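**Q** Would you be able to build a 3D model of this:
(2 chains)
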Amino acid sequence: MKLSKALLQALVVGASLQSCVALVEPEDITPDIPKAEQEVGTCSEHTGNSDPGEPFFDCPACGMG
Amino acid sequence: MATIHATLALNLQQPLLAAAFPLLAAAEVDALEWSFDTWDEKAIPPWFEEVLLAFAQQRRLVGHGVFFSIFSARWTPAQAQWLQQLRRLHERFSFDHISEHFGFMTGADFHKGAPMSVPLTETTLHIGVDRLRRIQDAVTCPVGLENLAFAFSADDVARQGAFMERLLAPINGFLILDLHNLYCQLHNFRADATRLLASYPLHLVREIHISGGSWATPPIQGGTIVRRDTHDSQVPDEVFALLEMAIPLCPNLRYVTLEQMGSSLNSELASATFRTDFQRMKALANLPTNITSSATDTWAAPATPFQADPATDEALFQQQRTLATILETSPDVATAKERLQQSSLAQSAWGIEKWDDTMLHTALDIAQKWA
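**A** So this is what the prediction gives:
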């Protein structure tokens, strides 16, 4: 599904994906974006599910993780 | 056959977003799956919400729950809160469908523990149907369940498919067929792929999951290497072969989803492999098949509402707590077996006498990891 350039740009800024832009080089996505506030957090910040600093989706749900 | 959407399990992890970005930018991702209960709904960054809404507006966003614990035999305030959150999020994102997992969470705390299998009895069926009806009441879309990777015995493996069909029937529910979970069972119980696939209600499959995993060697004399569904590596060729085998057998399939943990996407090579896996999955999903099915979604909401009082079973709940405690606190398999034999689970529908030592060790590992 095609996403708008504005949305891709927002994703780059929001998730601090500047280094990824070089992989795709879409025309209007600017690689030199000032680092956005780090909104991508960790599990413990938003879910209380894990130790501080642990990435969240170390997910137990499959039952064999 | 209706269009099968090549779907990415996308969650708020920077390495996962970074690995997925080139696929999103190239419009290769047809749909998203989001584990909606893994994040504080009030803390979803606006840019991530916009991405979810873009897919939702095309009816290409599906929700995948982790923590509801459908077989917990006591109804908890946390489950009621989970349903309220689901109701709000469904209003916000209009999920095309919602799914949860087979099993009960071992943790005493709602957000802790790992899912374990349950005895496949009329009691657990009654509780499971009650919980699924409650989920169905919270949303206006199909509700489904994913097959569990873990099993204590070959009996568990052989019977899960038929039991899931009985669970899903009252809500016109669907099955998520997780092929890596199936691969774990094929390896761990030396089962036959064709026979195990056929034991599931494949006409109910609306979504297929694929992922990678890892090998573990439990210190059990005579034990075998165990395949675990850790979502931390590339998809094995055997799982792609299962995907190729399963797609033509699932006439109502809508989504094929790649899952991988962001923490495992820690190098350029791992990220590139992840994207290659997605493209390989998409190519298989797009292959023409001879199967015929309605091109439209035939799902209809069930007519039967749930009872006002949640189904509960105190004896089963106490057994679940006993099992969870034993798994979380036993230092080794011998101790766990001794404690199980002295518990109310002995000579019961749990069938502990048939449990495989290797899998019991795996259960200790998993429960203690997530306790």
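
**Q** Give me the buried positions along stretch B:337-357.
**A** Within stretch B:337-357, the residues scored as buried using 16 or more other CB atoms under 10 Å in any protein chain shown are B:337, B:339, B:340, B:343, B:345, B:350, B:352, B:355, B:356, B:357. Every C-beta, even on glycine, is put in place using the N, C-alpha and C of the backbone.

**Q** A helix includes the fifth one, no?
**A** No - the assignment for residue B:345 (DSSP: H, G, I helix; E, B strand; the rest coil) gives coil, which keeps it out of a helix.

**Q** Could you list the low-confidence segments of the chain?
**A** I'll assume chain A. The model of chain A has pLDDT under 70 over residues A:18-65.

**Q** that's the other chain; I wanted chain B
**A** In chain B, residues with pLDDT under 70: B:1, B:108-112, B:290-298.

**Q** mind listing the helices in it by residue range?
**A** For chain B, the helices defined by DSSP state H cover B:14-25, B:46-56, B:77-93, B:122-138, B:154-168, B:179-188, B:193-198, B:237-246, B:268-285, B:314-329, B:333-341, B:357-370.

**Q** Of these, give the one that comes closest to chain A.
**A** Among the helices of chain B, helix B:46-56 comes nearest to chain A, with 3.3 Å by CB to the nearest CB.

**Q** What lies in contact with the closest one?
**A** A:1, A:3-4, A:7, A:10-11, A:13-15, A:39, B:10, B:12, B:24, B:31-32, B:34, B:44, B:61, B:93-95 (CB atoms under 8 Å, 6 or more residues apart in numbering or on different chains).

**Q** now, which of the buried residues of stretch B:337-357 sits nearest residue B:118?
**A** Among the buried residues of stretch B:337-357, residue B:350 lies closest to residue B:118 (CB to CB), at 8.2 Å.

**Q** Do I have it right that the closest one meets residue B:319?
**A** Yes - contact criterion CB atoms under 8 Å: residue B:350 and residue B:319 qualify, at 6.8 Å.

**Q** Now the two most distant members of the buried residues of stretch B:337-357.
**A** B:343 and B:356 (18.2 Å).

**Q** give me every residue that touches residue B:281.
**A** B:6, B:210, B:235, B:240, B:243, B:256, B:258.

**Q** coming back round to it: out of the buried residues of stretch B:337-357, flag the one nearest to residue B:224.
**A** residue B:356 (9.2 Å).

**Q** how close does the closest one sit to residue B:322?
**A** Using CB to CB, to the nearest Å, residue B:356 is found at 20 Å from residue B:322.

**Q** Just give me the longest helix of chain A.
**A** Assigned via DSSP H, chain A shows its longest helix as helix A:5-14.

**Q** quick one: buried residues of it?
**A** Neighbour-count burial for helix A:5-14 [16+ other CB under 10 Å]: A:7, A:8, A:9, A:10, A:11, A:12, A:13, A:14.

**Q** what angle sits between the longest strand seen in chain B and helix B:268-285?
**A** Assignment by DSSP state E gives strand B:205-211 as the longest strand of chain B. When axes from the mean of the first three to the mean of the last three CA atoms, to 10 degrees is applied, the directions of strand B:205-211 and helix B:268-285 differ by 150 degrees.

**Q** What parts of the stretch 201-350 of chain B come near chain A?
**A** B:211, B:213, B:227, B:228, B:229, B:230, B:231, B:261, B:262, B:263 (CB under 8 Å from any CB of the partner chain).

**Q** What about those, which one has the most neighbours?
**A** Neighbour counts for those (other CB atoms under 10 Å in any protein chain shown) peak at residue B:229, which has 29 neighbours.

**Q** you'd agree that residue is up against residue B:185?
**A** No - in terms of CB under 8 Å, residue B:229 does not count as a neighbour of residue B:185; the distance is 9.8 Å.

**Q** Now do the shared contacts for those two.
**A** residue B:149.

**Q** measure residue A:4 to chain B for me?
**A** 8 Å (CB to the nearest CB, to the nearest Å).

**Q** starting at the chain centroid, how far to stretch B:54-73?
**A** Relative to the chain's own centre, stretch B:54-73 is displaced by 11 Å; criterion: CA atoms, centre = their mean, to the nearest Å.

**Q** hang on, the earlier thing: pipe the contacts of residue B:281 into a markdown table and attach neighbour count per row.
**A** Shown next, in a markdown table, are the contacts of residue B:281 (neighbours: other CB atoms under 10 Å in any protein chain shown):
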| residue | neighbour count |
| --- | --- |
| B:6 | 23 |
| B:210 | 26 |
| B:235 | 25 |
| B:240 | 17 |
| B:243 | 21 |
| B:256 | 26 |
| B:258 | 26 |
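
**Q** Pick the one among these closest to chain A.
**A** Of those, the one sitting nearest to chain A (CB to the nearest CB) turns out to be residue B:6, at 9.8 Å.

**Q** ok, for the closest one, nearest residue in space, not its chain neighbours?
**A** The shortest distance from residue B:6 to any non-neighbouring residue, by CB to CB, 6 or more residues apart in numbering or on different chains, is to residue B:282 (3.7 Å).

**Q** The one you found: neighbour count?
**A** Using other CB under 10 Å: residue B:282 sits among 20 other residues.

**Q** Tell me if I'm right that it and residue B:28 touch.
**A** Yes - assessed by CB under 8 Å, residue B:282 is found in contact with residue B:28 at 6.6 Å.

**Q** what touches both of these two?
**A** Contacts common to residue B:282 and residue B:28, judged by CB under 8 Å, 6+ apart, are residue B:6.

**Q** which parts of stretch B:22-34 are buried?
**A** Of the residues in stretch B:22-34, those buried (16+ other CB under 10 Å) are B:22, B:23, B:24, B:25, B:28, B:29, B:30, B:31, B:32, B:33, B:34.

**Q** what does it contact?
**A** A:1-3, A:8, A:11, A:20, A:23-24, A:26, A:29, B:5-11, B:20, B:51-52, B:55, B:60-64, B:93, B:96, B:207, B:255, B:257, B:259, B:275, B:278-279, B:282.

**Q** How about residue B:165, nearest residue that isn't a chain neighbour?
**A** residue B:201 (3.9 Å).

**Q** Now do the one you found against chain A, distance only.
**A** 20 Å.

**Q** Noted, bye for now.
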